[in-house]
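[1] Give the three-dimensional model of this entry:
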Amino acid sequence: MTPDQISTTIVDVLQALVADGSVTLPDGVPTTVTVERPRQKGHGDYATNVALQLGKKAGMNPREFAALVQTGLEASDGVAAVEIAGPGFLNITVAAQAQGQVAADVVAAGATYGASDAFAGEKINLEFVSANPTGPLHIGAVRWAAVGDALGRIFTMTGAEVTREYYFNDHGAQLDRFSSSLLAWAKGRPVPEDGYGGQYIEEIAKDVVAERPEVLELPEAEAQEIFRVEGVELMFAEIKQSLHDFDVHFDVYFHEDNLHKSGAVTRAVERLTELGNTYEKDGAIWLATEKFGDDKDRVIIKSDGKGAYLSGDLAYYLDKRERGFDRCFIMLGADHHGYVGRMNAMCAAFGDEPGRNLEILIGQMVNLLRDGQPLRMSKRAGTVVTIDDLVAAIGVDAARYALARYSSDSNIDLDLDLWAKASNDNPVYYVQYGHARTCRMMENAADLGMSLPTGPDGGFDPALLSHPLEGELLRALAEFPRVVAGAAELREPHRVARYLEATASVFNKWYDTRECRMLPQGDETPGPINEARLMLVAATRTVLANGLALLGVSAPERM
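    I've put the predicted structure just below:
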């Protein structure tokens with residue numbers, strides 16, 4: 001019996017109480033109620049504060065209200081006992097039969113276990129990474145590669161239609177500095193003071209010259225343009241390859257330059273003008289963002305007629321909305337925190353709802369440690385640590401898991417020595433090993449001629465899973481759908497990682513307990529209890545695999 005099923009049962013009891021006149025609820029019966037795991041053992045399997053929430057509304061003492069709900073719950077299938085605690089909490093103990101049925105439900109659902117319709121019908125644009133094509137992906141961008149892709153997987157699991165989008169910044173002064181750096185290296189000159197350094201500049205410059213040997217004989221401006229076009233293409237191809245190797249794939253690569261060439265900026269300004277949210281001053285066009293919560297109004301078209309920095313954002317946001325996206329997420333680094341206010345004001349100026357139609361997520365810094373000391377630069381990139389450096393140090397699985405394991409709004413220090421270990425101290429190894437153990441156990445069962453029970457109710461007796469640790473493991477497995485829904489609602493993939501570690505820990509405790517052995521011992525023949533425990537192992541394997549898949553991490557069968 002899952003928490004959602006208990007919630008539904010409580011709602012059914014409330015509806016029956018209202019129908020027979022036992023209680024009156026002026027606001028009607030809620031569609032769901034809160035069901036949680038008790039903090040203390042001995043307080044049942046689940047607890048609810050529904051009586052505290054609704055008692056006064058019904059004109060009753062909460063404990064009196066709780067007593068009515070208690071009677072209804074005790075008569076419900078799958079509920080073994082209900083106790084009233086404190087001012088009106090209800091502690092619920094689930095019958096072993098109903099608890100054990102969770103294992104069969106998980107196995108039957110397979111790869112879809114954990115899915116919901118929480119975001120069904122939502123068309124989501126998820127923009128992340130979007131690093132400038134002026135150098136390899138640095139560690140800050142890699143954090144969003146892991147978190148953004150995991151969030152996309154979680155949104156999809158909860159029913160949304162997700163488009164992963166990379167905003168390709170191929171318009172602006174940074175590309176002039178990039179191309180001038182390439183040209184300088186090719187001509188044997190020092191890189192400009194505000195240019196880009198690192199071995200990769202040398203590599204790309206060599207490739208451009210090899211492809212276009214005549215470039216060095218051309219006038220400076222013409223040569224620089226060739227280095228810009230060819231260099232950006234080479235750099236972006238490398239970025240795409242690095243992301244591909246990191247198992248992050250985008251549905252759309254959107255070129256910023258197209259916004260300016262297509263007239264999209266002009267259309268966005270015209271739309272905002274029609275809405276009465278622009279004005280002219282000092283020969284420039286301003287967006288009245290202050291009235292929408294920004295700290296000041298913003299120039300969008302400068303006095304020389306060129307678009308200001310914000311103009312591209314206006315056009316890009318409007319383009320996304322015109323493509324039919326209900327929700328637009330933008331994932332940015334900590335250095336863009338001041339950007340949030342103006343973007344939300346821009347959203348409101350279009351008549352949309354910040355936090356609903358546009359949501360900006362900020363990711364904090366990532367520090368890499370080796371031998372206890374900060375790792376500050378790459379041999380190739382010169383000034384930053386790159387995605388390829390991280391993968392070379394600890395592998396894709398560990399890198400993705402490590403970056404998604406922590407709340408994005410907190411700084412993280414990743415100990416490369418720890419994440420490279422093949423030991424239980426390494427969180428991703430611990431979870432993956434748990435999955436591999438379930439696979440090995442099922443192989444051993446197959447060698448003894450055992451197979452998963454089948455039938456209308458799972459083909460086994462779920463009441464046999466009555467050991468306290470079996471109940472604890474079943475309750476952990478039952479939590480998975482709520483963990484996934486919570487990770488989507490709060491935009492926090494790290495909740496999945498922490499859940500997996502806790503669940504693997506419960507499974508290992510169960511595995512190490514002599515009274516809970518799955519396989520028959522000695523000359524014993526497999527019996528009903530062995531079949532029931534085989535189903536529990538299969539359910540654990542399913543949940544660990546599904547959770548790792550949400551993080552983009554493999555679930556190996558052997559380690």
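[2] Is the nearest residue in space to Pro493 that is not next to it in sequence within a helix or a strand, and which one?
    Among residues not flanking Pro493 along the chain, Ala150 sits closest, at 3.9 Å (CB to CB, 6 or more residues apart in numbering). Just so you know, the C-beta spots here come from the backbone N, C-alpha and C atoms, and that holds for glycine as well. Per DSSP states H and E: Ala150 is located in helix 139-157.
[3] pLDDT of that helix, averaged?
    For helix 139-157, the mean pLDDT works out to 95.
[4] residues of that helix that come out buried?
    139-157 (16 or more other CB atoms under 10 Å).
[5] for stretch 82-91, same thing?
    Val82, Ile84, Gly88, Phe89, Leu90, Asn91.
[6] Those residues: which two are farthest apart?
    The distance between the two most remote of the buried residues of stretch 82-91 (CB to CB) is 12.3 Å, for Val82 and Gly88.
[7] before we move on, the earlier item: what residues are up against the residue nearest to Pro493?
    Going by CB atoms under 8 Å, 6 or more residues apart in numbering, Ala150 touches Arg400, Ala404, Pro493, Val496, Leu550, Leu551, Gly552.
[8] Max pairwise distance over these: which two?
    By the measure CB to CB, Arg400 and Val496 form the most distant pair in the contacts of Ala150, at 11.9 Å.
[9] what residues are shared contacts of these two?
    Looking at what touches both Arg400 and Val496 (by CB under 8 Å, 6+ apart), the common residues are Ala150, Leu551.
[10] next structured bit after the helix holding Ala150?
    strand 161-168.
[11] Could you identify the helix or strand that succeeds that next one?
    Trace forward from strand 161-168 with DSSP H and E and the next one is helix 173-186.
[12] Centroid-nearest residue for the chain?
    Centroid-nearest residue in the chain, with CA atoms, centre = their mean: Leu151, separated by 2.5 Å.
[13] correct me, but it touches Arg491?
    Yes. Assessed by CB atoms under 8 Å, Leu151 is found in contact with Arg491 at 6.2 Å.
[14] Who are the contact partners of the residue nearest to the centre of the chain?
    Leu126, Phe329, Ala487, Ala488, Arg491, Pro493.
[15] now the third one, nearest residue through space, not along the chain?
    What sits nearest to Ala487 in space, not counting adjacent residues and going by CB to CB, 6+ apart, is Arg495, at 4.4 Å.
[16] residues of stretch 494-507 that come out buried?
    His494, Arg495, Val496, Ala497, Arg498, Tyr499, Leu500, Glu501, Thr503, Ala504, Val506, Phe507.
[17] Go through those and flag which are in helices.
    Counted as lying in helices by DSSP state H, out of the buried residues of stretch 494-507, are His494, Arg495, Val496, Ala497, Arg498, Tyr499, Leu500, Glu501, Thr503, Ala504, Val506, Phe507.
[18] Could you single out the nearest of those residues to Phe246?
    Nearest member of those to Phe246, counting by CB to CB, is Ala497, at 16.9 Å.
[19] residue contacts, that closest one?
    The contact partners of Ala497, by CB under 8 Å, 6+ apart, come to Tyr401, Ala404, Arg405, Pro427, Val431, Gly547, Leu551.
[20] what's the answer for His43, then?
    Here His43 is in contact with Glu83, Ala85, Asn91 (CB under 8 Å, 6+ apart).
[21] Specify the beta-bridge partners of the residue nearest to the first one when sequence neighbours are not counted.
    Read it as Glu83. With CB to CB, 6+ apart as the criterion, Glu83 has its nearest non-adjacent residue at 4.6 Å, and that residue is Asn91. For Asn91, the beta-bridge partners under DSSP bridges are Ala47, Glu83.
[22] which ones are touching Asn91?
    The contact partners of Asn91, by CB under 8 Å, 6+ apart, come to Pro38, His43, Gly44, Tyr46, Ala47, Val82, Glu83, Ile84, Ala85.
[23] Among the residues you listed, show me the least confident.
    His43 (83).
[24] what about that one, which helix or strand?
    Applying DSSP H and E, one finds His43 in no helix or strand.
[25] Surely Ile330 is within a strand?
    Yes. Per DSSP: H, G, I helix; E, B strand; the rest coil, Ile330 lies within a strand segment.
[26] Could you give the number of residues near it?
    The tally of other residues near Ile330 (other CB atoms under 10 Å) stands at 24.
[27] these two touch, right, it and Leu361?
    Yes. With contacts counted by CB under 8 Å, Ile330 reaches Leu361, the gap being 7.3 Å.
[28] is it fair to say Asp257 lies in a helix?
    Yes. Read with three-state DSSP, Asp257 is one of the residues of a helix.
[29] roughly how far apart are it and Thr158?
    For Asp257, the distance to Thr158 equals 35 Å [CB to CB, to the nearest Å].
[30] Of those two, which one has the most company?
    Thr158 (23 against 15).
[31] What's the local residue count around Gln5?
    So Gln5, with other CB under 10 Å, has 17 neighbours.
[32] what residues are up against the nearest residue to it once chain neighbours are set aside?
    Counting by CB to CB, 6+ apart, the nearest residue to Gln5 once its immediate chain neighbours are dropped is Gly78, at 7.5 Å. By CB under 8 Å, 6+ apart, Gly78 lies in contact with Met1, Gln5, Thr9, Val94, Ala95, Gln97, Ala98.
[33] Could you do Leu465 as well?
    Residues near Leu465 by CB under 8 Å, 6+ apart: Ala96, Gln99, Gly100, Ala103, Gly471, Leu474, Ala532, Arg533, Leu536.
[34] excluding its backbone neighbours, what's nearest it?
    Leu465 sits nearest to Gly100 (CB to CB, 6+ apart), 3.9 Å away.
[35] now for whichever strand or helix holds that neighbour, which elements pack on it?
    Assigning secondary structure by DSSP H and E places Gly100 in helix 96-109. Applying 3 or more CB pairs under 8 Å, 6 or more residues apart in numbering; DSSP states H and E, we find helix 96-109 packed against helix 468-490, helix 528-550.
[36] Any chance of CSV for the buried residues of stretch 82-91, columns distance to Leu73?
    Listed next are the buried residues of stretch 82-91 as CSV, based on distance: CB to CB, whole Å:
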residue, distance to Leu73
Val82, 5
Ile84, 11
Gly88, 14
Phe89, 13
Leu90, 7
Asn91, 11
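[37] Closest one to Gly55 out of these, please.
    Checking the buried residues of stretch 82-91 against Gly55 by CB to CB gives Gly88 as the nearest, at 6.1 Å.
[38] what about Asn530, how many residues close to it?
    Residues lying near Asn530 (other CB under 10 Å) number 21.
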